[in-house]
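Visitor: Build the 3D model from these lines:
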Amino acid sequence: MDALDLPHLDKGPRSALPIVLVHGFPLDHRMWAPQARALEAAGHRVVVPDLRGLGKAPLGHSAATSFA
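Guide: Below you'll find the predicted structure:
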């Protein structure tokens, strides 16, 4: 897979260990909005990306694959 700069939200203190919330297909980062707000309000760092080809993330140049 080619390297992509995926759009993401990164909220909360940078000194905290990040909690990464990954959405399912065919959704985007917005599915985690209530949880991300609650975690940030509790003092956690929250990182929520849009995965390749979904939300604001580009598809990329190489073929996308999946594992069954």
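
Visitor: Could you list the low-pLDDT ranges of the chain?
Guide: Judged by pLDDT under 70, the chain has its weakly predicted residues at 1-4, 53, 58, 60-68.

Visitor: quick one, helices of it?
Guide: 33-41 (DSSP state H).

Visitor: hey, where'd the strands end up in it?
Guide: 8-11, 18-20, 45-49 (DSSP state E).

Visitor: Residues contacting stretch 31-39, please?
Guide: Residues outside stretch 31-39 that contact it (Cβ atoms under 8 Å, 6 or more residues apart in numbering): 9, 11, 12, 19, 21, 23, 24, 46, 48. Quick note: C-beta positions are derived from backbone N, CA and C, even for glycine.

Visitor: Any chance of TSV for these, columns distance to residue 56 and neighbour count?
Guide: Formatted as TSV, these follow (distance: Cβ to Cβ, whole Å; neighbours: other Cβ atoms under 10 Å):
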residue	distance to residue 56	neighbour count
9	11	17
11	16	15
12	21	19
19	21	15
21	16	17
23	12	17
24	17	9
46	17	21
48	12	24
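
Visitor: Of these, which pair is most distant in space?
Guide: 12 and 24 (22.7 Å; Cβ to Cβ).

Visitor: thought residue 40 was touching residue 46?
Guide: Yes: look at residue 40 against residue 46 with Cβ atoms under 8 Å: they come within range, at 5.4 Å.
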